[in-house]
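# when you get a sec, could you give me coordinates for this:
(one chain, ligands or ions: 2)
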Amino acid sequence: MDDLIFLGLESSCDDTAAAIVTGDRRILSSVVSSQADLHEDFGGVVPEIAARAHAERLDLAAEQALSQAGVALRDLSSVAVTAGPGLIGGVMAGVMCAKGIAAGAGLPLVGVNHLAGHALTPRLTDGVAFPYLMLLVSGGHCQFLRVDGPEDFSRLGGTIDDAPGEAFDKLAKLLALPQPGGPAVEAEALRGDPDRFDLPRPLLDRPGCELSFSGLKTAALRLRDRLIAEQGGLRQTDRSDLCAAFQTAVADILAEKSRRALAASPVPLLAVAGGVAANRVIRAALERVTGDRGVRFLAPPLPLCTDNGAMIAWAGIERFRLGRRDGMDLAARPRWPL
Ligand code: KG4
Ligand code: ZN
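Ligands and ions are numbered 1, 2, ... in the order given. The predicted structure is shown next:
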């Protein structure tokens, strides 16, 4: 095995992240600086604020990652950076920072697709072999990918409207629960009855792996408004029951579509990534699907499921081994399908 050491930089959404990762899959450091507090009052990530914060914090994150790992710039093999897809101001800040470090230290540069970073994480955490299926479920993404190589991805299907994390966040807002909504809804659902309300499972009646969550969100809104009109307000049990019904509906949708993805593309392993993969009810539903089919289920540790620099460093290592190098003309791309 080679003795590669990579610095990975990530700044495509609202986390400024830097990490040092080795070719033999050791994460020497992983620094994540969340901007959640900066965007809290706006009900979503504000691109301009995100870009400025990334520009201010990237250098520091890189410096901390190096010092925590006990690694000097001259020890590095290369700098890997998210070059898209994402909020363009943040991606540009990351690419500029990586170019500066690479030029200053005389290092090669490797541009990484953010989605490839998520999709290759099971190889970093568990050294899994190709092929496998990846279900990426976060606040901004929802798709099934078949992964056949470091640059060989096929999209089997994805959301036609909202991402599930976005739907969890909107439900939390409707019910005056804290943000991010996913963990709040999951906690509330623990006390709820998932069978009291009947919420729709959009697109389950249609073949294929496309998913939809916006109808579910609208149904939850109508139900909330009806309860308020009938009772003059929401009771605690209404909130819990609505959260439980919503979470069960999302779990059912993801489980059924995973079943179809595995039927269409039989592989030995289904992995998940993205913040929604933290949800225990959803994980359990996916484990039942894989268990039924004798397929291995893999959920990487949460800090590696959500946005981080280690996955970017690792995806950079995988590309580097294929001989890929980028130059000062590396472009930041707002859209970049795998
Ligand atoms: O991957 P992530 O940290 O960021 C991006 O979206 O890129 O995912 C954040 C999303 C949020 O929408 C959050 O509500 C959701 O993941 N999430 C959850 C849970 N924890 C986080 N959704 C459901 N259940 C959870 N326990
Ligand atoms: Zn992500």
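
# any idea which helix or strand carries the residue of the stretch 1-150 of the chain found nearest ligand 1?
Closest to ligand 1 within the stretch 1-150 of the chain is residue 139: 2.7 Å, counting by C-beta to the nearest ligand atom. (C-beta placed from N, C-alpha, C; glycine too.) Using DSSP states H and E, residue 139 sits within no helix or strand.

# what's the answer for residue 291, then?
helix 280-293.

# now that helix: average pLDDT?
For helix 280-293, the mean pLDDT works out to 97.

# next up, phi/psi of the closest residue in space to residue 252 that isn't next to it in sequence, please.
Distances taken as C-beta to C-beta, 6 or more residues apart in numbering place residue 201 nearest to residue 252, at 5.5 Å, with adjacent residues excluded. Reported as degrees, to the nearest 10, the phi and psi values for residue 201 are phi -120, psi 80.

# list the contacts for residue 201?
For residue 201, the contact set (C-beta atoms under 8 Å, 6 or more residues apart in numbering) comprises 216, 249, 252, 253, 256.

# check the average confidence over stretch 72-85, would you?
The average pLDDT for stretch 72-85 rounds to 98.

# residues of the stretch 51-200 of the chain that sit close to ligand 1?
138, 139, 140, 165, 166, 168, 169, 180, 181, 182, 183, 186 (C-beta under 6 Å from any ligand atom).

# nearest to residue 50, of these?
Residue 50 has its nearest neighbour among these in residue 140, at 12.2 Å by C-beta to C-beta.

# give me the number of residues near the nearest residue to the closest one once chain neighbours are set aside?
Setting aside the residues directly before and after it, residue 140 is nearest to residue 163 in space (C-beta to C-beta, 6+ apart), at 5.5 Å. For residue 163, the count of nearby residues is 23 (other C-beta atoms under 10 Å).

# so residue 249 makes contact with residue 215?
No - in this structure residue 249 lies outside contact range of residue 215 using C-beta atoms under 8 Å: 10.0 Å.

# shared neighbours, those two?
residue 200.

# more crowded one of the two?
residue 249 (23 against 16).

# residues from the stretch 201-338 of the chain in reach of ligand 1?
So far as C-beta under 6 Å from any ligand atom goes, the stretch 201-338 of the chain lies against ligand 1 at 274, 275, 276, 278, 279, 306, 307.

# now the residue lying closest to the third one once chain neighbours are set aside: phi and psi?
I take that to be residue 276. With C-beta to C-beta, 6+ apart as the criterion, residue 276 has its nearest non-adjacent residue at 3.9 Å, and that residue is residue 137. When read as degrees, to the nearest 10, the backbone of residue 137 gives phi -130, psi 100.

# if I look at residue 137, how far off is residue 176?
24 Å (C-beta to C-beta, to the nearest Å).

# domains of this structure?
5-126+306-321, 139-303 (automatic domain parsing).

# what's the most buried one of the ones you listed?
Of all the domains of the chain, domain 5-126+306-321 carries the top mean neighbour count, a mean of 22, counting by mean count of other C-beta atoms under 10 Å.

# now do the same end-to-end measure for that one.
12 Å (C-alpha to C-alpha, to the nearest Å).

# show me what the lengthiest helix in the chain is packed up against.
Across the chain, the longest stretch assigned as helix under DSSP state H is helix 236-264. Counting contacts by 3 or more C-beta pairs under 8 Å, 6 or more residues apart in numbering; DSSP states H and E, helix 236-264 is packed against strand 132-137, strand 142-149, strand 152-158, helix 164-174, helix 181-189, helix 214-231, strand 269-273, helix 280-293.

# may I have the longest one as PDB, with CA atoms only?
Pointing back at helix 214-231 there. Taking C-alpha atoms only, helix 214-231 is exported to PDB below (Å, rounded to 0.1, in the frame of the first residue of the first chain):
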ATOM      1  CA  SER A 214     -43.500  17.100  -0.700                       C
ATOM      2  CA  GLY A 215     -47.000  15.500  -0.700                       C
ATOM      3  CA  LEU A 216     -46.200  14.100   2.700                       C
ATOM      4  CA  LYS A 217     -45.300  17.500   4.000                       C
ATOM      5  CA  THR A 218     -48.500  19.000   2.600                       C
ATOM      6  CA  ALA A 219     -50.600  16.300   4.200                       C
ATOM      7  CA  ALA A 220     -49.000  16.900   7.500                       C
ATOM      8  CA  LEU A 221     -49.700  20.700   7.200                       C
ATOM      9  CA  ARG A 222     -53.400  20.000   6.400                       C
ATOM     10  CA  LEU A 223     -53.700  17.600   9.300                       C
ATOM     11  CA  ARG A 224     -52.100  20.200  11.700                       C
ATOM     12  CA  ASP A 225     -54.500  23.000  10.400                       C
ATOM     13  CA  ARG A 226     -57.500  20.700  10.800                       C
ATOM     14  CA  LEU A 227     -56.600  19.800  14.300                       C
ATOM     15  CA  ILE A 228     -56.100  23.500  15.200                       C
ATOM     16  CA  ALA A 229     -59.500  24.400  13.600                       C
ATOM     17  CA  GLU A 230     -61.300  21.600  15.400                       C
ATOM     18  CA  GLN A 231     -59.600  21.900  18.800                       C
END
